[in-house]
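Visitor: Curious how this folds, go ahead:
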Amino acid sequence: MAVVADGFWPAKLGRDALTIEWDEGPTAAVSSGGITKTFDALTQQPGPVARHEGDAAAALTSAAKRLDAVYEVPYLAHATMEPMTCTAHVRPDGCDIWTGTQWQDGTQGVAAKITGLPAASIRVHTTLLGGGFGRRFEQDFVAEAVAIAKAVGAPVKLVWSREDDMQHDFYRPSTFNRLSAGIDAQGSLVAWTHRIISPSIAARAFPALIKDGIDGTSIEGAANIPYTIPNIHVECTMKETGVPVGFWRSVGSSQNAFITECFLDEIAAAAGKDPYELRRYWSWPRSRRAGDGRSRRAAIAASPSPSRSEAGLPRLPKSRSAPPARFASIESSARWTVGSSSIPIPSKPRWRAVSSTA
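Guide: Numbers count the residues shown, from 1 in each chain. Prediction:
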């Protein structure tokens, strides 16, 4: 159902005046609480194995200390700077489309399917994105514009409201993660297990990416954490919920970096280790290079001490410093250290952030 007018505001007012009774379909009863309950139950069962090295189960049993944690992340909308927009002009001899798209072939293909025209007759004029982040890989807004333009028989400019944009996204998946770590008597990390429950992006977008029951996008940043741990076991179970999911900038790494790095901080605290030194000791050689130099100086500057650091920066009080985080994603290693300054500034704390990549 579409409302067409001479401008966006009249069209919106016309749509708002409609009284529509929708069939909410089979997912009408889906809720955040229900999804969490389902995901939690699935973490109690074994799933497809994404990585297995050593014997994590035995190492956990024999470890001097065991640490267990659960991390859950919600569905996230892309919230691009501009909501979805597309202009389409359908004619008997061709179709022109003006839109910000991250997948021109997909735009051309969906237009050809709706219009019945050959792909060679579909011209895609790529505009500035207005923010993509994976959202404009999808073609739902393009399909709407083309279908309306075909029905009207005139050029149509489709503009989603921000409310439409947030409610009808292809969201970053919500995931439920159960992690365990084993620490020996010397405070060394000897075992790591990570069980992930997540909807699959690839199942809809690129089914060929699913190998051995695992969506590779779901384990990015989890199966390839940049640390050498002697016993590691990672599993991932795909579970659909009816909520549409899609590529969200950096895809699986966006949530898995948060999950694994926060858990490492928990491990460091339980082991009585400095978070920086723990990461540096267990890091891959390439990632370790990313952690040296500027990032190391930043980590020193962020450590609690009233004196100045060897980096030449005033050290930050413990309550205002954050341990460094290191991560590997898309063939790169990165490290961030963030802390706030003790220099008083009225109503504005001063933040210092240092990053390095390799």
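Visitor: What residues does R66 make contact with?
Guide: Contacts here follow Cβ atoms under 8 Å, 6 or more residues apart in numbering; on that basis R66 touches 60, 180-183. Where C-beta positions appear, they are placed from N, C-alpha and C, glycine not excepted.
Visitor: Can you flag which of those belong to helices?
Guide: L60 (DSSP state H).
Visitor: Disregarding flanking residues, what is the spatial nearest neighbour of N177?
Guide: Spatial nearest neighbour of N177, excluding adjacent residues (Cβ to Cβ, 6 or more residues apart in numbering): Y71 at 4.4 Å.
Visitor: Settle this for me: H125 is touching D96, isn't it.
Guide: Yes: between H125 and D96 a contact is recorded at 6.7 Å, counting by Cβ atoms under 8 Å.
Visitor: Please say which of those two ends up with more neighbours.
Guide: More neighbours sit around D96 than around the other of H125 and D96, counting by other Cβ atoms under 10 Å; the figures are 17 against 12.
Visitor: export stretch 36-43 as PDB, just CAs?
Guide: Coordinates of the C-alpha atoms in stretch 36-43 are reproduced here as PDB (Å, rounded to 0.1, in the frame of the first residue of the first chain):
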ATOM      1  CA  THR A  36      16.600 -14.600  25.200                       C
ATOM      2  CA  LYS A  37      15.000 -17.600  26.800                       C
ATOM      3  CA  THR A  38      15.300 -19.600  23.600                       C
ATOM      4  CA  PHE A  39      18.900 -18.600  23.000                       C
ATOM      5  CA  ASP A  40      19.900 -19.300  26.600                       C
ATOM      6  CA  ALA A  41      18.400 -22.800  26.400                       C
ATOM      7  CA  LEU A  42      20.400 -23.500  23.200                       C
ATOM      8  CA  THR A  43      23.700 -22.600  24.900                       C
END
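Visitor: Which neighbouring elements make contact with the helix or strand where A151 lies?
Guide: Assigned by DSSP states H and E, A151 belongs to helix 140-152. Secondary structure elements in contact with helix 140-152, counted by 3 or more Cβ pairs under 8 Å, 6 or more residues apart in numbering; DSSP states H and E, are strand 85-91, strand 94-99, helix 104-115, strand 156-159.
Visitor: How far off centre is it?
Guide: In terms of Cα atoms, centre = their mean, to the nearest Å, the gap separating the centre of helix 140-152 from the centre of its chain is 29 Å.
Visitor: State the number of residues packed around G116.
Guide: Counted by other Cβ under 10 Å, the residues lying close to G116 total 8.
Visitor: so after the helix ranked longest in the chain, what's the next helix or strand?
Guide: With DSSP H setting the assignment, residue counts place helix 252-271 as the longest helix in the chain. Sequence-wise, the next helix or strand downstream of helix 252-271 (DSSP H and E) is helix 275-282.
Visitor: mean confidence for that next one?
Guide: Averaged across helix 275-282, the pLDDT comes to 86.
Visitor: Any chance you could list what contacts the helix holding A151?
Guide: Here helix 140-152 has contacts from 2, 4, 84-90, 95, 97, 99, 101, 107, 110-111, 114-115, 155-158, 160, 168, 170, using Cβ under 8 Å, 6+ apart.
Visitor: Type out the PyMOL command that picks the buried ones from those residues.
Guide: Here is the PyMOL command that selects only those of the contacts of helix 140-152 that count as buried (16 or more other Cβ atoms under 10 Å):
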select buried, resi 84+85+86+87+88+89+90+95+97+99+101+107+110+111+114+115+156+157+158+160+170
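Visitor: hmm, back to that, any buried residues in the strand or helix carrying the residue nearest to N177, and which?
Guide: Taking DSSP H and E as the criterion, the element that holds Y71 is strand 65-73. By neighbour count, with 16+ other Cβ under 10 Å as the criterion, the buried positions of strand 65-73 are 67, 71-73.
Visitor: Pull up the per-residue confidence for R335.
Guide: Looking at R335 specifically, the model assigns a pLDDT of 67.
Visitor: wait, isn't I210 in contact with T217?
Guide: No: taking contacts as Cβ under 8 Å, I210 lies outside contact range of T217: 9.6 Å.
Visitor: list the residues that contact both of these two?
Guide: Any residue near both I210 and T217 by Cβ under 8 Å, 6+ apart counts here, and that gives 200, 202.
Visitor: out of the two, which sits in the busier spot?
Guide: When I210 and T217 are compared for neighbours, T217 comes out ahead with 22 against 17, by other Cβ under 10 Å.
Visitor: Thank you kindly, that will do.
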